[in-house]
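A.B. asks: Sharing a model that was predicted from the sequence below.
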Protein chains: 2
Amino acid sequence: MTSLSMINAAAKRLDGHARVTPLLSSPFLDDLAQRRILVKPECLQHTGSFKFRGGWSALSALDKATRGKGVIAYSSGNHAQGIAHAATLHGVPSVIVMPADAPQLKIENTRALGAEVILYDRASEDRDAIGLAIAEERDLTLIKPFDEPQVIAGQGTVGLEIAQQSKELGITTGEVLVNCGGGGLTSGIALALETEAPEMQVRPCEPTGFDDVTRSLASGDIECNSQTSGSICDAILTPSPGQITFPIMKRLCGSGIVVSEDEALHAMALAYSRLKIVLEPGGAISLAAALFHGKDLSSDTAIVVATGGNVDPSIFAQALQRFT
Amino acid sequence: MTSLSMINAAAKRLDGHARVTPLLSSPFLDDLAQRRILVKPECLQHTGSFKFRGGWSALSALDKATRGKGVIAYSSGNHAQGIAHAATLHGVPSVIVMPADAPQLKIENTRALGAEVILYDRASEDRDAIGLAIAEERDLTLIKPFDEPQVIAGQGTVGLEIAQQSKELGITTGEVLVNCGGGGLTSGIALALETEAPEMQVRPCEPTGFDDVTRSLASGDIECNSQTSGSICDAILTPSPGQITFPIMKRLCGSGIVVSEDEALHAMALAYSRLKIVLEPGGAISLAAALFHGKDLSSDTAIVVATGGNVDPSIFAQALQRFT
């Protein structure tokens, strides 16, 4: 179970390796939202998303002999690149099991970051069976994308930075809006803020139709999405919150905020024009929540974690065309 | 005449007001350039360009009574927004004289940042006469865009940050590539590095057809461009280097690097995909120089100052369409 001391230890291991992302702002966004908006651009993190933090944390927490044998992960997206890059920088092999129909660019990027990519056919093959066979054969360590204590600890370092950077601005109260898939980042940030900024509250943000965490927090039990594909917010589509992450979110988070795909695209366009950063749809949900769902917020300050920027140019161009 | 002590004093005045921008990198860019590339994204600075630094420096250096009467500037672009925002944050009025045919968005943004915008007709009216009349009538202080010691000192704080941040990475030698219009930023950075990182050399970067600084450095005398419009790199189109900036550049800078518009668009697309930042064409020249003109460089490390990100969505979409 992840604790503040594990997050602090992860921060020490990440020091000099992960980027400390700044807090950005724009008077135009403040005017639009009618409150102070601070944006933490994790799109500027290595590999273009916060996932590098959890990957580095998990890899660096392994003992040297175990790590040396290599790691394996299942992912078609940001977790794949975070693990691949962190493993290469550690000088150890990584295997990423990806669906054969994943975007060619993501497969190429993951390979270019140093991973061995194993493709499988979603329709006819069992991903877990393939991965398990390779892991056993080569004695690799599986790094799960969110329900893994050292991954949560790594993502929690975002929360440590938010607490410190907002304190430097004289801000100690506010709502922290986090794009939420399985809840690794959300629960990690919530654990860090519980002690380091106890008057801040984390609000998970999700796209319409994939609001499993919002419904789970409302009912008190783990709820599932009826589908796990069919949204441009591909980075945060998971079937349900994790067994480890959900109890943390239930204890510490405020209610979820659900945002439409069009609102996410609109937020991407505003992040382009007002902050000069590139966000993917699943990375812009939290900004959309701050800008377009102000009635759901209760604080003068919304701190937005903009989680990633790995977006196809055609989708980005669409956001610009429709909303600038 | 700007000195290191003036730059250090400007850094103190900017502390807590201007953003300290990070140094970004990507293994993909290193591979492409076949050397280490570090990018300082001044597009993330307030108002989307480094110009805020010089604006804040000049305003904060005025005595209170003078500043309180207000300031005036001529600009259709980044200097306008930097001065307008810095003046508003100081609580003093600003007047920006802009051509009536400037992009509507830039006029609106400058107004929204708090400036009074005075439009003039480029064909029939004399900008300087209009500005001078208003300045005298209202007792406003003119803040020139580059040939002004306190503006150069403010831009020079970029150099202080480069020296410190690269030292933290263990880097003390390299070439610092800077997009160059009138030379305020280029000369300020060169002055800061002269003492703080003496083994680094500044290389001014310019677009084809507007290579006045490159030719001036080659001839040893101030040379002029035959035109001052007609490039998408609008942010750095100036007739010639300044009377104050040129002697500094002549003493401290290496030779200039000239880059095509297509290379600038290509660099914008790579900044989008690999760094997740938004650059304007004139802000991407230096990155294009590092990526596509490696034969003109002699160091293992190129530090790229990515100066701004205020770009029309249609031009940005064009860069993505052609080069991703």
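C.D. replies: Alright, I've got the coordinates.
A.B. asks: need the residues of the stretch 1-150 of chain A near chain B, please.
C.D. replies: For the stretch 1-150 of chain A, the residues in contact with chain B (CB under 8 Å from any CB of the partner chain) are A:19-22, A:24, A:27-28, A:31, A:41, A:43-44, A:48, A:85, A:109, A:112-113. No exception for glycine: its C-beta is placed from N, CA and C like everyone else's.
A.B. asks: Just give me the closest of those to chain B.
C.D. replies: residue A:43 (4.1 Å; CB to the nearest CB).
A.B. asks: Hmm, the closest one is touching residue A:306, no?
C.D. replies: Yes. Residue A:43 is within contact range of residue A:306, at 5.9 Å (criterion: CB atoms under 8 Å).
A.B. asks: quick one: which of the two has more around it?
C.D. replies: Comparing residue A:43 with residue A:306 by other CB atoms under 10 Å in any protein chain shown, the one with more neighbours is residue A:306, at 32 against 27.
A.B. asks: Who is the more buried one paired with across the strands?
C.D. replies: For residue A:306, the beta-bridge partners are residue A:41 (DSSP bridges).
A.B. asks: and it, what does it touch?
C.D. replies: Under the criterion of CB atoms under 8 Å, 6 or more residues apart in numbering or on different chains, the neighbours of residue A:306 are A:39-43, A:271, A:277, A:279, A:283-284, A:286-287.
A.B. asks: Could you export those residues as a markdown table, including distance to residue B:240 and secondary structure?
C.D. replies: Below are the contacts of residue A:306 laid out as a markdown table (distance: CB to CB, whole Å; DSSP: H, G, I helix; E, B strand; the rest coil):
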| residue | distance to residue B:240 | secondary structure |
| --- | --- | --- |
| A:39 | 39 | strand |
| A:40 | 42 | strand |
| A:41 | 37 | strand |
| A:42 | 43 | helix |
| A:43 | 39 | helix |
| A:271 | 37 | helix |
| A:277 | 34 | strand |
| A:279 | 40 | coil |
| A:283 | 43 | helix |
| A:284 | 43 | helix |
| A:286 | 47 | helix |
| A:287 | 42 | helix |
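A.B. asks: which residues are contacting the helix or strand bottoming out on mean pLDDT in chain A?
C.D. replies: Using mean pLDDT, DSSP states H and E, helix A:104-112 stands out as the lowest-scoring helix or strand of chain A, at a mean of 89. For helix A:104-112, the external contacting residues (CB under 8 Å, 6+ apart) are A:76-77, A:80-81, A:84, A:96, A:98, A:117, A:119, A:310, A:312, B:27-28, B:31.
A.B. asks: one step back: only whichever of the residues of the stretch 1-150 of chain A next to chain B are buried, select them in ChimeraX.
C.D. replies: Paste this into ChimeraX to select the buried members of the residues of the stretch 1-150 of chain A next to chain B, with burial taken from 16 or more other CB atoms under 10 Å in any protein chain shown:
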select /A:19,20,21,22,24,27,28,41,43,44,48,85,109,113
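A.B. asks: Determine the longest helix present in chain A.
C.D. replies: If you go by DSSP state H, chain A has its longest helix at helix A:149-168.
A.B. asks: Show me which positions of that helix end up buried.
C.D. replies: Within helix A:149-168, the residues scored as buried using 16+ other CB under 10 Å are A:149-163, A:165-166.
A.B. asks: which is the next helix or strand following the least confident helix or strand of chain A?
C.D. replies: strand A:116-120 (DSSP states H and E).
A.B. asks: quick revisit: spell out which two among the residues of the stretch 1-150 of chain A next to chain B are the most distant pair, please.
C.D. replies: Farthest apart among these by CB to CB are A:31 and A:112. That separation is 41.2 Å.
A.B. asks: so residue A:89 is in which element?
C.D. replies: Taking DSSP H and E as the criterion, residue A:89 maps to helix A:78-90.
A.B. asks: Quick one: list the elements packing against that helix.
C.D. replies: Judged by 3 or more CB pairs under 8 Å, 6 or more residues apart in numbering or on different chains; DSSP states H and E, the packing partners of helix A:78-90 are helix A:51-61, strand A:71-74, strand A:94-99, helix A:104-112.
A.B. asks: can I get the CA coordinates of the biggest strand by length in chain A in CSV?
C.D. replies: If you go by DSSP state E, chain A has its longest strand at strand A:200-207. Coordinates of the C-alpha atoms in strand A:200-207 are reproduced here as CSV (Å, rounded to 0.1, in the frame of the first residue of the first chain):
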residue,chain,number,x,y,z
MET,A,200,-6.6,20.9,-1.3
GLN,A,201,-9.0,18.3,-2.7
VAL,A,202,-8.5,16.1,-5.7
ARG,A,203,-11.4,15.9,-8.2
PRO,A,204,-11.1,13.0,-10.7
CYS,A,205,-12.1,14.1,-14.3
GLU,A,206,-13.5,11.6,-16.9
PRO,A,207,-15.0,11.7,-20.4
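A.B. asks: how about the helix or strand following it: buried residues?
C.D. replies: Moving toward the C-terminus from strand A:200-207, the first helix or strand encountered (DSSP H and E) is helix A:212-219. For helix A:212-219, a neighbour-count test (16+ other CB under 10 Å) marks A:212-217 as buried.
A.B. asks: Among the contacts of residue A:306, which one sits closest to residue A:141?
C.D. replies: Minimum distance to residue A:141 across the contacts of residue A:306 is 24.8 Å, recorded for residue A:42 (CB to CB).
A.B. asks: For the closest one, report the pLDDT, please.
C.D. replies: Note for residue A:42: predicted pLDDT of 98.
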